[in-house]
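**Student:** Sequence plus the predicted model coming up.
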Amino acid sequence: MEGFTLRKRLLSFKYAFKGIAALFTQPNACIHAVVAVLVVVAGFFFRIAAWEWVAVAVCIGAVLMAEAFNSAVEALADKVSPGMDPLIGRAKDLAAGAVLLMVFGAVAVGLIIFLPKVIDLLM
């Protein structure tokens, strides 16, 4: 493998962590993170099963990943076309829509896992 060095691999992690830090400068990513913390707290409170933890972890990761892709699309779009452009606007709308679709899926999973537990607690 040409160009493969341990230094390059370690640097790739540095850049990835830099990207994660940049993600959490975005207000929506911070909202997702707060909700994720609340869901994890609820998971411990309700003592959810291992398979439920898997679903919660995948949903949290997927929502944050979608938000990161959305932020990347927006940053790139703003760089290449700082003015108003209908195609850039469409790309941004599609990326934001992808985040919203993932959030809807995560909410559905959350309802499937937590709603019966909340109902049992209230009964």
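**Tutor:** Looks like it came in fine. Residues are numbered from 1 along each chain as shown.

**Student:** what about the helices in the chain?
**Tutor:** Secondary structure of the chain by DSSP state H: the helices cover 6-23, 27-46, 50-80, 86-122.

**Student:** Now tabulate these in JSON lines and tack on mean pLDDT.
**Tutor:** Shown next, in JSON lines, are these (pLDDT from 0 to 100):
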{"stretch": "helix 6-23", "mean pLDDT": "92"}
{"stretch": "helix 27-46", "mean pLDDT": "98"}
{"stretch": "helix 50-80", "mean pLDDT": "97"}
{"stretch": "helix 86-122", "mean pLDDT": "97"}
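
**Student:** Mean neighbour count for those - can I get that in JSON lines?
**Tutor:** Any C-beta I mention is one placed from the backbone N, CA and C, and that applies to glycine too. Formatted as JSON lines, the helices of the chain follow (neighbours: other C-beta atoms under 10 Å):
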{"stretch": "helix 6-23", "mean neighbour count": "10"}
{"stretch": "helix 27-46", "mean neighbour count": "14"}
{"stretch": "helix 50-80", "mean neighbour count": "16"}
{"stretch": "helix 86-122", "mean neighbour count": "14"}
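
**Student:** ok, the residue most central in space within the chain - contacts?
**Tutor:** Using C-alpha atoms, centre = their mean, the residue of the chain that lies closest to the mean C-alpha position is Leu64, 1.0 Å off. Shown in contact with Leu64 (C-beta atoms under 8 Å, 6 or more residues apart in numbering): Leu23, Ala29, His32, Ala33, Ala36.

**Student:** tell me the contacts of the last one?
**Tutor:** Remark: with contacts taken as C-beta under 8 Å, 6+ apart, Ala36 is in contact with Ile60, Val63, Leu64.

**Student:** give me that answer again for 10 Å
**Tutor:** For Ala36, the contacting residues are Val56, Ala57, Cys59, Ile60, Gly61, Val63, Leu64, Ala106, by C-beta atoms under 10 Å, 6 or more residues apart in numbering.

**Student:** Could you do the fourth one as well?
**Tutor:** Contacts were defined as C-beta under 10 Å, 6+ apart; by that measure Ala33 touches Leu23, Phe24, Ile60, Val63, Leu64, Glu67.
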